[in-house]
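Peer 1: how does the following fold in three dimensions:
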Amino acid sequence: MANLKIDLDQDEVFVFTPKGKVITLPKGATTVDFAYAIHTEIGHSCIGSRVNGRLVSLDTELQSGDSIEIFTSKVESGGPSQDWLRFVVSHKAENKIRAWHSRERREDEIDNGNEELTKALRREGLPVQKIRQSRILDEIATELNYTDLESLHAAIGGNHQSAQSVAERIRRKLESVDPDREEQLPTTVRAPRRSGRVGASPSGVHVEGLDDVMVRLSRCCTPVPGDAIMGFVTRGRGVSVHRSDCANALSLTDGQSDRLIDVEWDTDISATFIASIEVKGLDRSRLLRDVSAALADHHVNIVSCNTITGSDRISSMRFDFELGDVSQLSPLMWSIKKIDGIYDAYRVLPGKGDSDSEDGRDPQD
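Peer 2: A predicted model of the protein is given here:
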């Protein structure tokens, strides 16, 4: 070994893997350079190292004859730190680290661009979910010389394209197709397809025996199609629709049973409604992004999101999103619960009585 060290080229160091394989690295190389020399994925997932049986920091400079062992993380969302660029010396390590972060920046720009465009569409009063499910965004991307919709989102997220100008372009395109379109389409309830049925309303609820009555979906329990519902005749504000197990509605009926009215979901209407879920998991990098991606995979439009992470590193996420039918919830929740680190997910029912659930969750979840 001594003779080997004497004969080594001064511009290189020769080190060993735990199995005795010789790895050649440039002088000044660190354990991170070694990890990337073994395999790119080992470099990306590197979290620690041992040199000659001793734990060392990742920026430790290697000497010829050293035996190196690399520790890696199995967390898929992990990745190299940009700080590594301060001490790596091999071109492979530097290029791989820069390429990884370049991809990450693009993905972040795509996510941010998607969110900014959604906000701009809402400001224009356009039906977000309907637009997302159509081909119009792909057509706009092509017209603006982007290769695909992701490239358009990335340009918006990177501040190279105005989300507002794209939204205005979409509005003009819709108006050219349908010049009689309403000036302001609602974003949470689409215009109904009338079947001539008495009592049908834009809320998606049929009121028995009443025609053209004002119907409101109560915000206290946010009913969606598929939920058991009840109607309550208010003073001057039409019929308020609640979930049948809503605590507020049950308290209103005490001594006022004459104001109850039969209501049912109108199956002849196309509409979206706001549903809320709570998701809990062990905090980690990109946890919020993974949950949002699961929602996007089920073609639901997120209206709002609130995330709180406690000192115990438990992350609680509340999502409000547009939903067409309660039957969509079950497969959606199943997808979320399969995400690494998530240990609970349930629908939030703010108006549900404490006797059913202390935390307001749906007992079916």
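Peer 1: so which residue is smack in the middle of this protein?
Peer 2: Ser292 (1.1 Å; Cα atoms, centre = their mean).
Peer 1: shaky segments in the stretch 251-365 of the chain?
Peer 2: With pLDDT under 70 as the threshold, the stretch 251-365 of the chain has low-confidence stretches at 251-256, 266-272, 350-365.
Peer 1: now do 90
Peer 2: 251-276, 281-290, 292-315, 320-331, 340-341, 343, 346-365 (pLDDT under 90).
Peer 1: hang on, the earlier thing: wait, doesn't the residue nearest to the centre of the chain sit right on Ser304?
Peer 2: No: using Cβ atoms under 8 Å, Ser292 is not in contact with Ser304; the gap is 12.0 Å. Bear in mind the C-beta positions are built from the backbone N, C-alpha and C, glycine included.
Peer 1: re the thing from before, the residue nearest to the centre of the chain: what's it in contact with?
Peer 2: Residues near Ser292 by Cβ atoms under 8 Å, 6 or more residues apart in numbering: Asp111, Ile302, Cys305.
Peer 1: turn those into a markdown table, columns for secondary structure, distance to Leu217 and neighbour count.
Peer 2: Shown next, in a markdown table, are these (DSSP: H, G, I helix; E, B strand; the rest coil; distance: Cβ to Cβ, whole Å; neighbours: other Cβ atoms under 10 Å):
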| residue | secondary structure | distance to Leu217 | neighbour count |
| --- | --- | --- | --- |
| Asp111 | helix | 30 | 18 |
| Ile302 | strand | 19 | 16 |
| Cys305 | strand | 21 | 16 |
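Peer 1: between those residues, which is nearest Gly28?
Peer 2: Asp111 (37.4 Å; Cβ to Cβ).
Peer 1: can you give me the helices for the stretch 201-350 of the chain?
Peer 2: Taking DSSP state H, counting those that start in this stretch, the helices of the stretch 201-350 of the chain run over residues 247-252, 287-297, 329-337.
Peer 1: out of these, which gets nearest to Ser276?
Peer 2: helix 329-337 (10.6 Å).
Peer 1: give me the buried positions along that closest one.
Peer 2: Under the neighbour-count criterion of 16 or more other Cβ atoms under 10 Å, helix 329-337 has Leu329, Leu332, Met333, Ser335, Ile336, Lys337 buried.
Peer 1: same check on stretch 138-154?
Peer 2: Ile140, Ala141, Tyr146, Leu149, Glu150, Ser151, Leu152, His153, Ala154.
Peer 1: ends of it, what's the gap?
Peer 2: End-to-end span of stretch 138-154 (Cα to Cα, to the nearest Å): 14 Å.
Peer 1: try stretch 321-332
Peer 2: End-to-end span of stretch 321-332 (Cα to Cα): 12 Å.
Peer 1: over to stretch 223-240?
Peer 2: Stretch 223-240 has an end-to-end distance of 11 Å (criterion: Cα to Cα).
Peer 1: quick one: distance of stretch 67-84 to the chain centre.
Peer 2: Centre-to-centre, stretch 67-84 and its host chain are 25 Å apart (Cα atoms, centre = their mean, to the nearest Å).
Peer 1: which residues are contacting that stretch?
Peer 2: Stretch 67-84 is touched from outside by 15-18, 31-32, 34-35, 38, 42-53, 58, 62, 93, 96-97, 100-101, 104, 284-287, 290, 340, with contacts defined as Cβ under 8 Å, 6+ apart.
Peer 1: try it again at 6 Å.
Peer 2: 15-16, 18, 31-32, 34-35, 42, 44-52, 97, 100, 285-286 (Cβ atoms under 6 Å, 6 or more residues apart in numbering).
Peer 1: what of stretch 31-47?
Peer 2: 23, 25, 49, 58, 60, 68, 70-73, 78-80, 84, 88, 90, 92-93, 96.
Peer 1: how about a cut-off of 8 Å?
Peer 2: So stretch 31-47 is in contact with 15, 17, 23, 25-26, 49, 51, 56, 58-60, 62, 68, 70-75, 78-80, 84, 87-90, 92-93, 96-97, 100, going by Cβ under 8 Å, 6+ apart.
Peer 1: mind listing what's buried in it?
Peer 2: In stretch 31-47, counting by 16+ other Cβ under 10 Å, buried: Thr31, Val32, Asp33, Phe34, Ala35, Tyr36, Ala37, Thr40, Gly43, His44, Ser45, Cys46.
Peer 1: which stretches of the stretch 101-250 of the chain form strands?
Peer 2: Along the stretch 101-250 of the chain, the stretches classed as strands by DSSP state E, counting those that start in this stretch are 205-207, 215-217, 229-233, 239-243.
Peer 1: a markdown table please, covering those and showing mean neighbour count.
Peer 2: Output for the strands of the stretch 101-250 of the chain, formatted as a markdown table (neighbours: other Cβ atoms under 10 Å):
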| stretch | mean neighbour count |
| --- | --- |
| strand 205-207 | 23 |
| strand 215-217 | 20 |
| strand 229-233 | 21 |
| strand 239-243 | 24 |
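Peer 1: burial measure for the nearest residue to Met214 once chain neighbours are set aside, as a count.
Peer 2: Closest residue to Met214 apart from its sequence neighbours, by Cβ to Cβ, 6 or more residues apart in numbering: Gly238 at 3.0 Å. Gly238: 18 surrounding residues under other Cβ atoms under 10 Å.
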